[in-house]
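**Q** Provided below are the primary sequence and the corresponding predicted coordinates.
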Amino acid sequence: MRGNVIIAGIGHTAFGKLPGRSTVSLNIEACRNALADAGIEKDAVDALLVKPPTSNPQFMYGQSLAEAMGMQPRVGGAWDQGGAANISLIAFAAMAIEHGQCEIALVCYADNPRTGSRHAYEKAWGDDAAYGWFGVPAGYAMLARRHMEEFGTTSDQLGAIAVAIRRHGAANPAAQLRKPLTLAQYRESPWVVDPLRRDDCCLVSDGAAAVVLMSAQRAKALGVRKPVPILGFGQGQSSWDVGQRPDLTRTGAEISGATALKMAGLRPSDIDVAQIYDCFTITVLMTLEAYGFAAHGQGGPFCADGRLEIGGELPVNTAGGLLSETGMPGLQLVVEGVRQMRGEANLQVQDARTCIVSNQGGIMHTHSTLILGEAA
Amino acid sequence: MSPAEDMVDATFPAPQPGPAAAPYWRALDEGRLVFQRCTACGNAWLPGRTECPRCLAPAAHWETASGNARLVSWVVYHHGYHEYYATRLPYTVAVVELAEGPRLISNVIGDANGLRIDMPLKLVIQREAGVALARFAPG
């Protein structure tokens, strides 16, 4: 089914502080913008798939949203997989379209932890709270320490990732954080949970994004402008929690990436631009290793020397990612991937024909990978 | 501080174990670190579960750990996520692997500067706000 389903439209809200807006309202704004971008009427949509809001999970959220949008979709609902769910829902929609279960799908996500509750990111990990084990950053810090000690990965190499992505975000007029970062500033950034500093950690943001999917054939019939083909996708899970995970430096991103690349018929060297889930700098480093851009353990040197910056060998998160554009967990990376494949990105990678996008959730528990091709 | 005096700190995030984990905390309170071993396949694990995660058998017994372990990884908190631990910064949280195989979240006692991965550790049961915790020290 490589290339049979395309992304026809993208949309998002403003990012940052959006006080007083419900996640349903934010989702509707993003969907409205994505439908307008695709040139599609709401009534043509027969699938509505949504990642539930991380900060406030609700029962039957997909139905609440469909009702608020006045929709009675054939296919609908929410998928609980943390940050990996965006791409997993896109992959599910693509398979559903391919097999005649629906024709035009909206996939969306909204959350408002910036002006709402951040509790989901700061909570205790069960009875281990007795040992002071709290918060999402600490889980990633635990993976980072093992990687640094086992392979010699340095704080400066993590810093190079933040520097690259913050540079890209600073150039994005829609980014929440438009302040570039130097390596010297990174080194002065305070510890949150050592070995991670404040500037290793993503933003906390209100906002929403949405994409519209349909078959390539349907897009042609409707005259959709610059449809972006889905070349591959795949998933992988590392279900052991950090305290039980047998190898802290390997994750389900390996099988997720390998599955997507196999489906696309591509190798890592064929990829022109990457949108890698950057909730923390270490996540980028480990995902690039897992995808085969660097050997296991060699992600540190790979990420240094400007390789990830625009103009470098593998530009990453060209709109600023979670570190700079918006802390929203993942759908903004797909949106930027589509802009790159349309040739319409703010920091456009010249002649980019392939883009790999990673989503992940938990402490690198869930992984989903998407590969996009050049717009027709 | 005596245990009785210690116990007045109501802000301590005390464990609220369900039935599967209660024997673990009871044993720790009696001075023993225990883990579960499957009576069907011999797999050993923590935390307490009702089924073996390898063979799915619903039969396991509790064994006492030797107290020998190694350091898998560690972090040092400089941000307080909880009112009790916010007054104890900086503090170290570690992933520890027991000689018998199971892994657990713990604290390593002492200066974090001397820590290295895979270094040997020894069990030290300490009370925090009256609750027995399985902590470790280099050695």
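**A** The structure has been received and is ready for your questions. Computed from a prediction, not measured in an experiment: that's the story for all the values here.

**Q** For the chain, which segments count as helices?
**A** Assuming you mean chain A. Listed in chain order, the helices of chain A (DSSP state H) span residues A:23-38, A:61-68, A:85-98, A:119-122, A:136-151, A:155-170, A:183-188, A:216-222, A:253-264, A:281-290, A:299-303, A:331-342.

**Q** Not quite, go with chain B.
**A** B:3-6, B:22-29, B:83-86.

**Q** So which of these is nearest chain A?
**A** Comparing those by their distance to chain A (C-beta to the nearest C-beta), the top pick is helix B:83-86, with 4.2 Å. Heads up, the C-betas are built off the backbone N, CA and C, glycines and all.

**Q** With just CA atoms, put the closest one into CSV.
**A** What follows is helix B:83-86, C-alpha atoms only, in CSV (Å, rounded to 0.1, in the frame of the first residue of the first chain):
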residue,chain,number,x,y,z
GLU,B,83,6.8,18.5,49.0
TYR,B,84,8.6,15.9,51.1
TYR,B,85,11.5,15.3,48.7
ALA,B,86,11.7,19.0,47.7
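
**Q** Can you give the distance of it from its chain's centre?
**A** If you compare the mean C-alpha spot of helix B:83-86 with that of the full chain, they lie 19 Å apart, counting by C-alpha atoms, centre = their mean, to the nearest Å.

**Q** For that helix, the averaged confidence score.
**A** This predicted structure assigns helix B:83-86 an average pLDDT of 95.

**Q** Can you report how many residues neighbour the residue nearest to residue A:10 when sequence neighbours are not counted?
**A** Closest residue to residue A:10 apart from its sequence neighbours, by C-beta to C-beta, 6 or more residues apart in numbering or on different chains: residue A:335 at 4.6 Å. Burial of residue A:335, expressed as a neighbour count using other C-beta atoms under 10 Å in any protein chain shown, amounts to 24.

**Q** Near residue 48, how many other residues are there?
**A** Unless you meant another one, I'm taking chain A. Here the count is done by other C-beta under 10 Å, and residue A:48 has 27 residues near it.

**Q** ah, I was thinking of chain B
**A** 20.

**Q** Then residue B:66?
**A** Counted by other C-beta under 10 Å, the residues lying close to residue B:66 total 12.

**Q** how near is the closest residue to it other than its chain neighbours to residue A:131?
**A** Nearest-residue entry for residue B:66: residue B:99, 5.4 Å, with adjacent residues in sequence omitted and distances by C-beta to C-beta, 6+ apart. As for residue B:99, its distance to residue A:131 is 20 Å (criterion: C-beta to C-beta, to the nearest Å).

**Q** which one of those two has more residues nearby?
**A** Remark: of residue B:99 and residue A:131, residue A:131 carries more neighbours, 25 against 13, as counted by other C-beta under 10 Å.

**Q** from memory the more buried one sits against residue B:109, does it?
**A** No: between residue A:131 and residue B:109 no contact is recorded; they are 11.8 Å apart, counting by C-beta atoms under 8 Å.

**Q** Find residues that contact each of those two.
**A** Jointly contacting residue A:131 and residue B:109 under the rule C-beta atoms under 8 Å, 6 or more residues apart in numbering or on different chains are residue B:135.

**Q** residues in contact with the spatially most central residue of chain A?
**A** Centroid-nearest residue in chain A, with C-alpha atoms, centre = their mean: residue A:330, separated by 2.4 Å. Listed by C-beta under 8 Å, 6+ apart, the contact set of residue A:330 reads A:83-87, A:109, A:277, A:322, A:359-360.
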